[in-house]
Every structure is written in C-alpha cells, then in structure tokens.
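Asker: Predicted model follows, preceded by the sequence.
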Amino acid sequence: MSRRSSRGATATTSSRRRRARRNASRSRPIRGRASASILVAALGDSITAGSPGSTGWDHWAARADPRLEFRNCGIYGQRTDEIAARLDECAQGADVLILQGGVNDIAQGRDVEHAAENLRAMVRRGRELGLRVALADVLPWNNGWPNAEPTIRRLNALIAEIARDEHVPLLPFHDTLEDPERPGRMRAEWTSDGDHPSPEGYRRLGELAFTSP
C-alpha cells in the first residue's frame, strides 16, 4: 500500500470513528429516562392525582406499556383556571399531555362555559408546546347527583366539541365508569367514595388511556 493510500485509509477510519461518536451521543438517553420511553404529563385535579388508598389511572396505563413514563400533576380541589396555571411547568420535557378537569368548577358554582374555555386554551397551549394532547371528560358524581348531572352532561358535551374542533383524542371517562342501570352515577364497585374512582375504577381508566389513539 502506498503512503498516500495509507494516509487516506487512516483518515477514513478516523472520520468513521468521529461519526460513530457523534451518533452515539445523539442517541444517548436523557438521564433518568429510557431511550425509547414516552413521557406523559397527566394534568388535572384529584381524579388525576388518585384518591387516598388508591393508585391513580396513570399507574395502570404505565403497567400496560413499559415505554410510558408518567408525570402526575393532579392536585385535589383545583378548578380549570388553577390547573391551567400549572400547564407549562407540568408539560416541560413531555411528549404527551393528558388534560382532565371541570368537576371542581361545577362543585364551586362556576360557569361551565368558562371551564370549557379554559380547557380549550389548555389544549391549544399544549399543541403550541409541540405535545400530543388528549382530553378527558368529567366523571359521574354520585354525591352531587341528581342536581349536578345535567351540568356535568352539558360540560361533557362542550368537552367533546373541543376535542372535535381541535382534533385531539377524547377520553370518555364518564361513560367508562357510569352505571348503565343508574345513569349519571358511577357504578358502586368503581367508586371509593362517590366522588373518586376505586382501584378497579382507576384500572379501567388506565386501560382507556393506554388504548386511546
């Protein structure tokens, strides 16, 4: 081999090594996350946080698919305006944003149209941040039945409209846990206290979130 060809071979080998190092650095996982993981930010109220003594729906969704990592940003008692104020922080570094809220607006006598506006703004903000966004509707509220039922249905109709308008998946939490024999209420074994899901209820919601498009 000539001196020139030897130098050329050495240069080619060095270039390949540099490219390999660059590619390796690009594919290196972020510390604390698997390279193929999907970070899901779950933002909402106590339905997202998980009721005392129960594991939230995010736990069951993560069990169904090991690629999913969840950041649970649920806080008890918060209205949609309070949830919206935390969106940017919760969504930082996430791939997917799942939004849930509205029952505390109803419980505190707030206007459901205003709650829907807050949810729509959150959907749009999530998309501005480059996230895939999904929107959950409001569960039946046994302890608020029957007075709250028509208000919940009106808000859920607005939530479904938002999902259609904004082209995001709708997670039908309400219908998933509603008792078919007692419309407007959660089935007894799917709620722990009439306000929140039981462990079995959360498992059903987790499976729903996992299978959503």
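Answerer: Structure received. Numbers count the residues shown, from 1 in each chain.

Asker: does the residue nearest the centre of the chain have beta-bridge partners, and which?
Answerer: Nearest to the geometric centre of the chain sits residue 98, at 2.2 Å (Cα atoms, centre = their mean). Applying DSSP bridges to residue 98 gives these bridge partners: residue 42, residue 134.

Asker: Might one say that it is in contact with residue 43?
Answerer: Yes - using Cβ atoms under 8 Å, residue 98 makes contact with residue 43 at a distance of 7.0 Å. C-beta coordinates here come from the backbone N, C-alpha and C atoms, glycine included.

Asker: So for the two, which residues contact both of them?
Answerer: With contacts defined as Cβ atoms under 8 Å, 6 or more residues apart in numbering, no residue is adjacent to both residue 98 and residue 43.

Asker: Can you give me the separation between the residue nearest to the centre of the chain and residue 209?
Answerer: 7 Å (Cβ to Cβ, to the nearest Å).

Asker: anything in contact with each of those two?
Answerer: Residues touching both residue 98 and residue 209 (Cβ under 8 Å, 6+ apart) are 134, 136, 171.

Asker: Contact partners for the last one?
Answerer: Neighbour list for residue 171: 98, 100, 134, 135, 136, 137, 205, 208, 209, 212 [criterion: Cβ under 8 Å, 6+ apart].

Asker: Now it. Its backbone dihedrals?
Answerer: Backbone torsions for residue 171, taken as degrees, to the nearest 10, come to phi -100, psi 110.

Asker: again, but for residue 101
Answerer: Dihedral angles for residue 101 - degrees, to the nearest 10 - are phi 170, psi 170.

Asker: Now that it has come up, it's in contact with residue 110, right?
Answerer: No - using Cβ under 8 Å as the test, residue 101 is too far from residue 110 to be in contact (11.2 Å).

Asker: between those two, who's got more neighbours?
Answerer: For residue 101 versus residue 110, neighbours defined as other Cβ atoms under 10 Å are more numerous around residue 101 (28 against 16).

Asker: can you map out the strands along the protein?
Answerer: Applying DSSP state E to the chain gives strands spanning 38-44, 68-74, 96-99, 132-136, 170-171, 178-179, 182-186.

Asker: Let me know which of those strands is tucked in deepest.
Answerer: Among these, strand 96-99 has the highest mean neighbour count (mean count of other Cβ atoms under 10 Å), at a mean of 26.

Asker: list the contacts for the residue nearest to residue 58 when sequence neighbours are not counted?
Answerer: Nearest non-adjacent residue to residue 58, counting by Cβ to Cβ, 6 or more residues apart in numbering: residue 70, 4.0 Å away. Shown in contact with residue 70 (Cβ under 8 Å, 6+ apart): 39, 40, 41, 42, 58, 59, 61, 62.

Asker: unless I'm mixing things up, residue 79 is touching residue 115, no?
Answerer: Yes - counting by Cβ under 8 Å, residue 79 touches residue 115, with 7.3 Å between them.

Asker: nearest to residue 195, of the shared contacts of residue 98 and residue 209?
Answerer: Checking the shared contacts of residue 98 and residue 209 against residue 195 by Cβ to Cβ gives residue 136 as the nearest, at 15.9 Å.

Asker: residue contacts, the closest residue to residue 202 other than its chain neighbours?
Answerer: Nearest residue to residue 202, sequence neighbours excluded (Cβ to Cβ, 6+ apart): residue 57, at 4.7 Å. Residues in contact with residue 57 (Cβ under 8 Å, 6+ apart) are 42, 48, 50, 197, 202, 203, 205, 206, 208, 209.
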